[in-house]
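Q: one predicted model, sequence on top.
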Amino acid sequence: MPITIAYTILYIFVFIIGSCVGSFLNVLIYRVPKGENFVNGRSHCPGCGETLHFYDMIPILSWFILKGKCRNCECKISFRYPLVEAIGGIAALVCVLELGFSLKAVVAFFVMSILIAVSFVDWDTMEIPNGFMLWLILPCVVSLFFLKDLLWYQRVIGFFVVSIPMFLITCVVNGAFGGADIKLMSVCGFLLGWQNTLVATFLGLLVGGIYCIYLLASKKGGLKAHFAFGPFLSVGIMIAMLWGEDLVQLYLGMFLI
């Protein structure tokens, strides 16, 4: 029982840390597209510009305590803020539950944090800032030297296995994929290796296809409508990073029975 209680406290702590990271991701999502400095400068209300106090920035809780409004001007604050914080907490918890308290879990959470920011920024602006791609190089370097679960050539193949076909398709069909989407799959392909990169791409196309069908069925978009594909690729990458090998074995097992 003491062990169970101890681990429960640790998991709660992990969730809190993840939600705090999610709070910082909110800053990135809001400021990076605007070209604002996300390192310096106090957080403020987007309505009145009033500087927020520390007790108004408690991840998740503050939004509910303030009933989704600014304390000063009562301007409505988007539900996205606690949502991103909750996603950050859940991401951290899932990484630890799946990978344990390890360097691999830290690397996975770092990657997922960047992908969360990528997803929301791309959804808002239809663009993925190059800075996010540069930050994704860091876990690639760490995994190359400290996580020996993949051979170097598996990473190199992963770099090209999806990005090259995406590039060729874009050359033939103008606007099929954005340049940032290709960069995203290049960098993450090096991180995941070729097998998990294929899994990530399949899942991204699957989820993106379902969303496309929804747009057509609800008449919110035509056949030539463009939408951000980065969020769907990011979902595929996250799933493949944690459960890609299990999914591959499950798929192969269907044909070996």
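A: Yep, that arrived. Numbering: from 1, shown residues only.

Q: alpha carbons only for contacts and neighbour counts from here, please
A: Fine.

Q: counting neighbours, what do you get for F167?
A: By other CA atoms under 10 Å, 18 other residues sit near F167.

Q: ah, wrong one, I meant V106
A: 17.

Q: and it, which helix or strand is it part of?
A: Here V106 is covered by helix 103-125, with elements defined by DSSP states H and E.

Q: for the record, mean pLDDT for that helix?
A: Mean pLDDT, computed over helix 103-125, is 96.

Q: what comes into contact with that helix?
A: For helix 103-125, contacts defined as CA atoms under 8 Å, 6 or more residues apart in numbering pick out 21-22, 25-26, 28-29, 33, 84, 88, 91-92, 95-96, 98-99, 127-129, 132, 135-136, 139, 142-143, 147, 227-232, 234, 238, 241-242.

Q: what of stretch 65-84?
A: By CA under 8 Å, 6+ apart, stretch 65-84 touches 19, 22-23, 25-26, 45, 47-48, 50, 56, 59-61, 63, 116.

Q: between the two ends of that stretch, how far is it?
A: Distance between the two ends of stretch 65-84: 17 Å, counting by CA to CA, to the nearest Å.

Q: what angle do the helix or strand harbouring L242 and helix 103-125 make?
A: Assigned by DSSP H and E, L242 belongs to helix 230-256. Note on geometry: by axes from the mean of the first three to the mean of the last three CA atoms, to 10 degrees, helix 230-256 and helix 103-125 are set 130 degrees apart in direction.

Q: for K219, helix, strand, or coil?
A: coil (DSSP: H, G, I helix; E, B strand; the rest coil).

Q: what's the neighbour count on it?
A: Neighbour count of K219, defined by other CA under 10 Å: 9.

Q: report the rounded mean pLDDT for the helix or strand in which E85 is found.
A: Assigned by DSSP H and E, E85 belongs to helix 80-99. Taken as a whole, helix 80-99 has a mean pLDDT of 96.

Q: returning to what we had before: sort out which of the contacts of helix 103-125 are buried, if you could.
A: Buried by 16 or more other CA atoms under 10 Å: 21-22, 25-26, 28-29, 84, 88, 91-92, 95-96, 127-128, 132, 136, 139, 143, 227-232, 234, 238, 241-242, out of those.

Q: M126 versus C171, what's the distance?
A: Distance of C171 to M126, given as CA to CA: 19 Å.

Q: so for these two, which sits in the more crowded spot?
A: Just comparing C171 and M126: by other CA under 10 Å the higher neighbour count belongs to M126, 16 against 12.

Q: for L61, give its distance to L83.
A: L61 sits 11 Å away from L83, going by CA to CA.

Q: compare the two (neighbour count), which wins?
A: Higher neighbour count among L61 and L83: L83, with 17 against 14, using other CA under 10 Å.

Q: follow-up on the earlier one: most neighbours among the contacts of stretch 65-84, please name it.
A: G22 (29 neighbours).

Q: let me know the pLDDT of that one.
A: pLDDT for G22: 96.

Q: if you skip the residues just before and after it, what's nearest to it?
A: Leaving out its chain neighbours, the residue that sits closest to G22 by CA to CA, 6 or more residues apart in numbering is E85, at 4.0 Å.

Q: could you double-check that that neighbour lies in contact with F15?
A: No. Using CA atoms under 8 Å as the test, E85 is too far from F15 to be in contact (9.7 Å).

Q: excluding its backbone neighbours, what's nearest I182?
A: Nearest one to I182, counting by CA to CA, 6+ apart, is S163 at 5.1 Å.

Q: how about H226, secondary structure?
A: coil.

Q: gap between the longest helix seen in the chain and the chain center?
A: For the chain, the helix with the greatest residue count under DSSP state H is helix 2-31. Its chain's C-alpha centre and that of helix 2-31 lie 16 Å apart, by CA atoms, centre = their mean, to the nearest Å.

Q: pretty sure P46 sits in a strand.
A: No. Under three-state DSSP, P46 falls outside any strand and is assigned coil.

Q: that one and A117: what is the separation?
A: 19 Å.

Q: who has more neighbours, these two?
A: Under the criterion of other CA under 10 Å, the comparison of P46 against A117 puts A117 first, with 25 against 13.
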